[in-house]
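Participant: Let me see the structure of the following:
(chains A, B and C)
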Amino acid sequence: MTDSPDRPAKRPFRLPFEWLGLLPFAVFTLLFLILPTMRIVIGAFQTGDGSFTFQNIADLNTSSIRSAYWTSIKLSLISAGLGCAIGFAMAAAVVFGGLPKGIRGPLLTFSGVASNFAGVPLAFAFIATLGPVGLITLWLKTEFGINLRALGFNILSFWGLVVTYLFFQIPLMILIITPALDGLKREWREAAEVLGATTAQYWRMVAFPILFPSLLGTFALLFANSFGAIATAYALTGPQLNIVPIKLFAQIRGDVLGNPNLGYALAFGMIVVTGIANFVYIWLRTRSERWLK
Amino acid sequence: MMMRLMSWTALIFGCLYFLLPLIGMAEFSLKMRRGVYSLDAYAVVLADPAFQATFGYSVLMALMTIIFGVLLVVPTAYWVRLKLPGARPYIEFITLLPLVIPAIVIVFGYIRMYNTSSWLPLTGSVTGTNILLMMGYATLALPYMYRSVDTGLRTIDVGTLTEAAQSLGAGWFTILAKIILPNVLVAVLSGAFLTFAIVIGEFTMAALLDRPAFGPYMQLLGANRAYEPPALAVIAFAITWACMGLIQLVTRFSKHERARA
Amino acid sequence: MTMKFALAATASLLTLVAAQGAFAQSDELVAAAKAEGMLTTIALPHSWCGYGDVIAGFKAKYPEITVNELNPDAGSADEIEAVKANKDNKGPQAPDVLDVGLAFGPSAKAENLLQPYKVATWDEIPDSIKDADGYWYGDYYGVMSFLVNKDLVANVPQDWADLLKPEYAGQVALAGDPRASNQAILGVLSAGLASGAAPGEAAGKAGLEFFKQLNDAGNFVPVIGKAGTLAQGTTPIIVMWDYNALSARDTLAGNPPVEVVVPKSGVLAGVYVQAISAYAPQPNAAKLWMEYLYSDEGQLGWLKGYCHPARFNAMAAAGKIPQDLLDALPPAASYEAAYFPTLDEVNANKAAVSGGWDATVGANVE
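Facilitator: Residues are numbered from 1 along each chain as shown, chains lettered A, B, ... in the order given. Down below sits the predicted model:
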């Protein structure tokens, strides 16, 4: 590497000047990402006067908080699972299904848009479609006499939220799994056929094992994505839905739990869950990339 | 063929699932006048001073976040590529953290760390809170901005370009502004449009920092009005689509250029 | 630093002066408020009692004062929490003025969250709705009613008992979270009164029982009911103050058509109170705001929003209320039958409802 003309002259001991170039980035991430997170993590283990304790974590074990975590986890597992399954089906249809080539581009573009269309407007869209006077609800009632409410479906419910979350989970799956599906070389398929494997056997013994890390990893990513989401749920069901982000939101707005450090513990719990899920995703992604090279 | 049938079924089912809510919200937004389709809801929304104020605020914040993001990420990514390739995995890990730590936790940290009794009392004034919110947005957009710029830098030979420029007597600032930035403009624009889409719709940070942004405005309207919220949703979707479409356009435009050159 | 100190000194001096004599929107107060430059309000939806026009009127009168509106959807308990959370914060997240339910006034005073101030027209506010020391003071009142979406509800319910009928499955909602919102808490009290219980804790518990029945029957929707959700169909019947119901009716302008029903039994009148936060970053702006609210202009502004302002009787006697505004108000008959709970009764009710809701009714979005 050549030294630039305006670099300071070499000193007897080498100061790591290169690292100075990272200073703005370091200051920014330290002040606005790392330190605030650490404040939360440390606060979770402190009492009001600053001494170390595990009591806050223990206090998380009240019925309403437990139920909030459980509802959040259930919501995330189901929306991630369905998102994976449906997203995989659609991506596979586009890559292998013998569909016209021109569909792939628009599908991927649309997936990019839809995966970002989360939050408040998404809730409105679903209320306008599946709500009590929504487009589909009214159409089903007038054309087929089917009353969704009588059948037990209510958009303002756990399952209504799952259906809504799928709108950004499925596209995310499509976006991530399509390159992985592309990586399934045609030669492997042909080799399997030459050896006499049926389609089902090919998928069961060749394709799925190769795809498995990708699939599981993306599942983890979708899980984390759903667990941390709040805007859609808040706009759809309002503050009376008992999931962890909404509980934390209420706690930040006003100390509804009666103990500020319990709020830290709640947030810490969130970081742990999303952290584990993302770790699983990254670990599996690096493993799966071996096959795709 | 069985495969074809299944594929088409999956695709059609998927398309229905995605298109119906969009149609539903568009249709509902046209129903403001009883019995007739009309654009009344849009007229009311666009004329609402609160809409103009909050939308303007969010657009301004988005632009400031983009400028800040570019000024932070482009030199950093360039420097890492050029001088500190060993640090790349660690930097990448840090830029992925905002995807792991939920936004609500980050803003919770901000409120606890930067309130009036801290060493950096950002929440103590309107300007300070605005700056804090902008930093929050920049943090949320960091993964996308960094990955975009990094991918862009990968396609140009940073080392050779820098050497050439330095041999001609250019200083660091000139190199960044006149040589690197134009070459990664496409990547920067992609990151910029994505940042724009993120900031416009963002709800959690703006709501908890009590700033008059577009996200909280939408949520408020959703509770209190019937036909304006879907109109807002249509507008929001159109903006998201425009941003993604612009990214596609810009990327295709650059590929075309490079193919020619 | 010195500028702030000078302002603080001027402000405290002015406070001393203002407190001694009723100065209304005096030049000194206006100047001090303008020097502060901002007023932070909280929980003031624009459709509530005509607050949209009231705030606009204040802004038009004092364009140098920015009105920073926090969280219009906050309930009374949320407002108190916001004051507590921002005790050390003088930034734009700290509210200056509060508008909370009657029961929340004394409890906030007991927690030292308020500072006293007596507006110029103090004497025209009825004694029963103000704190003798000036920490909180009644601002307006209305009666509890049902807002019904006639597109989705064929038979409009006329009384509390009607709500339990199976035809209203999944249709009845409160207008707030009954653990934090005064409107919702008093909604529960009204239900309790309708069942014949004595006002206060007994009616609170009876109300909880009623809502438990409503929830078990599947008629209750655990979502905060508003004009938007009414029209979107998620909450076709909402229990809310008559002034909010009438305002919603105006907003929806017949699409969908709605009816405002004051129930035959259990007619409850509810009073809200104004107060200034003890930690208000802009106390003079807060005082100017109070003077404005209790001036004729402010009181008539609330009247336009279908609320009965605190000075209603005095102003009516002095002939200050235009006839067309009087005609637009809900019929006086419902107000004659209305029960005004005492302070002790609303306190006991609030404790019973906000504490017992989760345990007794436990309605959460499932």
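
Participant: When you work out contacts or count neighbours from here on, use the C-alpha atoms and nothing else.
Facilitator: Noted.

Participant: Once you drop chain neighbours, what's closest to the most centrally placed residue in chain B?
Facilitator: The structure's chain B has its C-alpha centroid closest to B:T195; by Cα atoms, centre = their mean the separation is 1.6 Å. Spatial nearest neighbour of B:T195, excluding adjacent residues (Cα to Cα, 6 or more residues apart in numbering or on different chains): B:A141 at 5.5 Å.

Participant: Repeat that for B:W79.
Facilitator: Once flanking residues are discounted, B:W79 sits nearest to A:G21: 6.5 Å by Cα to Cα, 6+ apart.

Participant: And for C:A191?
Facilitator: Closest residue to C:A191 apart from its sequence neighbours, by Cα to Cα, 6+ apart: C:G207 at 4.9 Å.

Participant: Enumerate every residue touching that neighbour.
Facilitator: By Cα atoms under 8 Å, 6 or more residues apart in numbering or on different chains, the contact list for C:G207 reads C:V188, C:L189, C:S190, C:A191, C:G192, C:L193, C:S195.

Participant: at 6 Å instead, please
Facilitator: C:V188, C:L189, C:A191, C:G192 (Cα atoms under 6 Å, 6 or more residues apart in numbering or on different chains).

Participant: what number of residues lie near the residue nearest to B:W79?
Facilitator: Neighbourhood size, A:G21 [other Cα atoms under 10 Å in any protein chain shown]: 17.

Participant: max-length helix in chain B?
Facilitator: Longest helix in chain B by number of residues (criterion: DSSP state H): helix B:49-83.

Participant: and that helix, which residues are buried?
Facilitator: By neighbour count with 16 or more other Cα atoms under 10 Å in any protein chain shown, helix B:49-83 contains the buried residues B:51, B:54-59, B:61-66, B:69-70, B:72-82.

Participant: what's the next secondary structure element after that helix?
Facilitator: Going down the chain from helix B:49-83, the next helix or strand is helix B:88-100, by DSSP states H and E.

Participant: State the mean pLDDT of that next one.
Facilitator: On average, the pLDDT along helix B:88-100 is 86.

Participant: what angle separates it from helix B:49-83?
Facilitator: If you take axes from the mean of the first three to the mean of the last three Cα atoms, to 10 degrees, helix B:88-100 sits at 160 degrees to helix B:49-83.

Participant: Find the helix or strand that the spatially closest residue to A:N242 that is not a sequence neighbour is a member of.
Facilitator: Computed as Cα to Cα, 6+ apart, the closest residue to A:N242 that is not its neighbour in sequence is A:A68, at 5.1 Å. Of the helices and strands defined by DSSP H and E, A:A68 is found in helix A:63-96.

Participant: Show me what that helix is packed up against.
Facilitator: Under the contact criterion of 3 or more Cα pairs under 6 Å, 6 or more residues apart in numbering or on different chains; DSSP states H and E, helix A:63-96 touches helix A:158-182, helix A:208-228, helix B:2-29.

Participant: what comes up buried for that helix?
Facilitator: For helix A:63-96, the neighbour count (16+ other Cα under 10 Å) marks A:65, A:68-69, A:71-95 as buried.

Participant: Quick one: mean pLDDT for it?
Facilitator: Averaged over helix A:63-96, pLDDT sits at 90.

Participant: I'd like to know how many residues surround C:L252.
Facilitator: Neighbourhood size, C:L252 [other Cα under 10 Å]: 20.

Participant: Near chain A, which residues of the stretch 101-250 of chain B? Just list them.
Facilitator: With Cα under 6 Å from any Cα of the partner chain as the criterion, the stretch 101-250 of chain B meets chain A at residues B:I101, B:P102, B:V105, B:G109, B:Y110, B:Q219, B:P230, B:A233, B:W241.

Participant: For the fifth one, which non-adjacent residue is spatially closest?
Facilitator: Of all residues not flanking B:Y110 in the chain, A:P36 sits nearest, at 5.8 Å (Cα to Cα, 6+ apart).

Participant: Show me what the helix or strand that neighbour falls within is packed up against.
Facilitator: Using DSSP H and E, A:P36 falls within helix A:35-44. Judged by 3+ Cα pairs under 6 Å, 6+ apart, helix A:35-44 is in contact with helix A:260-292, helix B:103-113.

Participant: By neighbours, which of the residues of the stretch 101-250 of chain B next to chain A wins?
Facilitator: B:P230 leads these on contacts (other Cα under 10 Å) with 32 neighbours.

Participant: Give me the pLDDT value at that one.
Facilitator: In this model, B:P230 is scored at 87, pLDDT.

Participant: ok so, going back, okay, the residues of the stretch 101-250 of chain B next to chain A in TSV with distance to C:P283 next?
Facilitator: Listed next are those as TSV, based on distance: Cα to Cα, whole Å:
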residue	distance to C:P283
B:I101	39
B:P102	37
B:V105	32
B:G109	29
B:Y110	27
B:Q219	30
B:P230	40
B:A233	39
B:W241	46
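
Participant: residues from chain A in reach of chain C?
Facilitator: Looking at chain C, the residues of chain A close enough under Cα under 6 Å from any Cα are A:P132, A:V133, A:S157, A:F158, A:Q240, A:L241, A:G254.

Participant: Closest one of the residues you listed to chain B?
Facilitator: If you rank those by distance to chain B using Cα to the nearest Cα, A:V133 comes first, at 9.2 Å.

Participant: Done for today, thanks.
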